[in-house]
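Participant: my questions concern the predicted model and sequence given below.
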Amino acid sequence: MSSKHFEIKPVAGRIGAKLIGVDLSSNLSDEVIADIRKALVFYKVIFFRNQNLDADGQLAFARRFGETTTAHPTVPSLANQPHVLDLDYSRTESRANNWHTDVTFVDRPPLGSVLRAVTIPPIGGDTVWANSVTAYQDLPVHLRDLADTLWAVHSNKYDYAEAAVELSEQQKEYRKTFTSTVYETLHPIVRVHPESGERGLFIGGFVRQIKGLSQTESNDIIRLLQSYVTRLENTVRWKWKEGDVAFWDNRATQHYAIADYGTQPRRVQRVTIAGDLPVSIDGTPSQAVKGDSSAYTPALAAVGVV
């Protein structure tokens, strides 16, 4: 695609583009916002270099695309900024170095996330995104037909017995906060994108089990499908600079923050845009099983959507 308002430079063959000539701190016209949204849906993740944004400006930009959620269903927000999640990895041992789609354990996962680079290490700390639509398209027909029929339970609950040996006390404390309210939601493994109509694999790190299958069977099938998502052909890797902003379509991507920077400081801040109920290829919507997420999307709750 192209735009008369800014230059678009694809970063990889199947996902990702830089948008050049956009000042996110300015009062962007509705026409510019509409073109940014088109680029988001088309490229799945878009990048903006050299932005001069603070948390308020980041929030104002995100709100041009919809209502924003609170920072997170369980993790505290940035002080005095209830919609901003502060990810300061120099102050915590927690890392997002696993493939995931944000907050899929609630019934209405975010439409998208806007991430702002505050402090970036001179070496390491890149983030990789994967295109779950082209992953689905890559599946052999028989696997695609199988995936079309499957539903999976997503949850923020961890198996502490399995992980306890490898976790530090700080990591255990973080997971205790992360699971202070347990959520479970049943989502289709193949989700229809509400704007493009594309089908994509809606899985990732919060999937716990496929409905109707044993844990062993579930693990094997999810591992197989996930291998298509993370094929290098379906990914883009972004080397951050301070001031960068990344905006990704949470409905059609997974991402992985590479933890290769040791004890160097790395701090980013995230704002998420409220999403809708995912639907399967036959139009059946996702279903909350455990946990009330209405406080996470207060604006939607207020108008009776949740």
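Facilitator: Cool, the structure landed.

Participant: for residue 264, which non-adjacent residue is closest in space?
Facilitator: Closest residue in space to residue 264, ignoring its immediate chain neighbours: residue 121 at 3.6 Å, by Cβ to Cβ, 6 or more residues apart in numbering. Any C-beta I mention is one placed from the backbone N, CA and C, and that applies to glycine too.

Participant: okay, that neighbour and residue 58: tell me how far apart.
Facilitator: 21 Å (Cβ to Cβ, to the nearest Å).

Participant: would you map the helices across the stretch 151-300 of the chain?
Facilitator: In the stretch 151-300 of the chain, the segments counted as helices under DSSP state H, counting those that start in this stretch are 160-163, 169-178, 215-229, 298-302.

Participant: measure stretch 26-33 end to end?
Facilitator: Counting by Cα to Cα, to the nearest Å, you get 12 Å between the two ends of stretch 26-33.

Participant: that older thread, SS state for the residue nearest to residue 264?
Facilitator: What DSSP: H, G, I helix; E, B strand; the rest coil gives for residue 121 is coil.

Participant: just checking, it touches residue 265?
Facilitator: Yes - the pair residue 121 / residue 265 is scored as a contact, 6.6 Å apart, by Cβ atoms under 8 Å.

Participant: who does residue 268 bridge with?
Facilitator: Counting by DSSP bridges, residue 268 forms beta bridges with residue 87, residue 117.

Participant: mind checking pLDDT for it?
Facilitator: In this model, residue 268 is scored at 95, pLDDT.

Participant: shaky segments in the stretch 201-306 of the chain?
Facilitator: For the stretch 201-306 of the chain, the stretches with pLDDT under 70 are 298-306.

Participant: strands of that one, start to end?
Facilitator: 207-210, 235-238, 245-249, 253-257, 267-273, 287-290 (DSSP state E, counting those that start in this stretch).

Participant: could you look up the SS state of residue 59?
Facilitator: Three-state call for residue 59 (three-state DSSP): helix.

Participant: how far away is it from residue 115?
Facilitator: Using Cβ to Cβ, which is the criterion applied here, residue 59 is 13 Å from residue 115.

Participant: cool, and residue 144?
Facilitator: From residue 144 to residue 115 the distance is 31 Å (Cβ to Cβ).

Participant: so these two - more neighbours on which side?
Facilitator: residue 115 (24 against 17; other Cβ atoms under 10 Å).

Participant: you'd agree that one is up against residue 270?
Facilitator: Yes - proximity of residue 115 to residue 270 meets the contact threshold set by Cβ under 8 Å, at 5.0 Å.

Participant: quick one on the thing from earlier: could the strands of the stretch 201-306 of the chain go into a markdown table alongside distance to residue 87 and mean neighbour count?
Facilitator: As requested, the strands of the stretch 201-306 of the chain are exported to a markdown table (distance: least, Cβ to Cβ, whole Å; neighbours: other Cβ atoms under 10 Å):
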| stretch | distance to residue 87 | mean neighbour count |
| --- | --- | --- |
| strand 207-210 | 22 | 20 |
| strand 235-238 | 15 | 20 |
| strand 245-249 | 13 | 25 |
| strand 253-257 | 8 | 24 |
| strand 267-273 | 5 | 23 |
| strand 287-290 | 26 | 14 |
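
Participant: mind checking which of those is nearest residue 190?
Facilitator: Between residue 190 and the strands of the stretch 201-306 of the chain, the tightest spacing by Cβ to Cβ is seen for strand 207-210, at 12.3 Å.

Participant: sheet partners, orientation included, of the closest one?
Facilitator: strand 151-155 (antiparallel).

Participant: who touches the partner strand?
Facilitator: 104-105, 182-189, 203, 206-211, 218, 222, 280, 289-290 (Cβ atoms under 8 Å, 6 or more residues apart in numbering).

Participant: run the chain-centre distance for it.
Facilitator: 16 Å (Cα atoms, centre = their mean, to the nearest Å).
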